[in-house]
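Student: structure of the sequence below:
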Amino acid sequence: MNKKDQHLKRVIVDFKKLTPEILALLVEKYPYGYDDGHVVKFKNLKNELIEAVEVTTEDTKYLVKISSKLEVTMENYDEEDYEDFEDDDPDAVQDPDMVPSDDTDDFD
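Tutor: Below is the predicted model:
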């Protein structure tokens with residue numbers, strides 16, 4: 001760990017707390033998705049194994065917990081979807097299961 005890393009604030013982020021800023025950083029760092037070489041594994045206070053990917057800002061190192069929702073959200077990322085939100089708004093990134101699909105079956 002270099003000296004700069006020692007002074008960074010460390011934050012673990014669950015999908016529910018994902019902000020547009022962190023999502024944009026993830027997509028920028030992993031434009032084709034992440035693989036096993038990018039995954040950081042550690043045990044939390046409950047001794048549960050956590051898998052996360054890392055992104056860093058000027059003052060913070062984020063470990064974003066891996067989930068299928070994260071993968072889908074990164075794959076479907078469009079910067080314009082977040083134009084009306086603040087960068088740090090945790091309610092901006094919607095659960096992909098809650099987003100209505102375009103494949104509605106309208107049969108009259």
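Student: could you pull out the helices in the protein for me?
Tutor: For the chain, applying DSSP state H gives helices covering 3-6, 20-29, 68-75.
Student: how about those, which one is nearest I12?
Tutor: helix 20-29 (11.5 Å; CB to CB). No exception for glycine: its C-beta is placed from N, CA and C like everyone else's.
Student: hmm, I22 is touching V64, no?
Tutor: Yes. Look at I22 against V64 with CB atoms under 8 Å: they come within range, at 6.4 Å.
Student: about what we covered before: most neighbours per residue, which of the helices of the chain?
Tutor: The highest average neighbour count among the helices of the chain, using mean count of other CB atoms under 10 Å, belongs to helix 20-29 at a mean of 18.
Student: got TSV for the helices of the chain, with mean pLDDT too?
Tutor: Below are the helices of the chain laid out as TSV (pLDDT from 0 to 100):
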stretch	mean pLDDT
helix 3-6	60
helix 20-29	93
helix 68-75	89
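Student: fine by me, thanks again.
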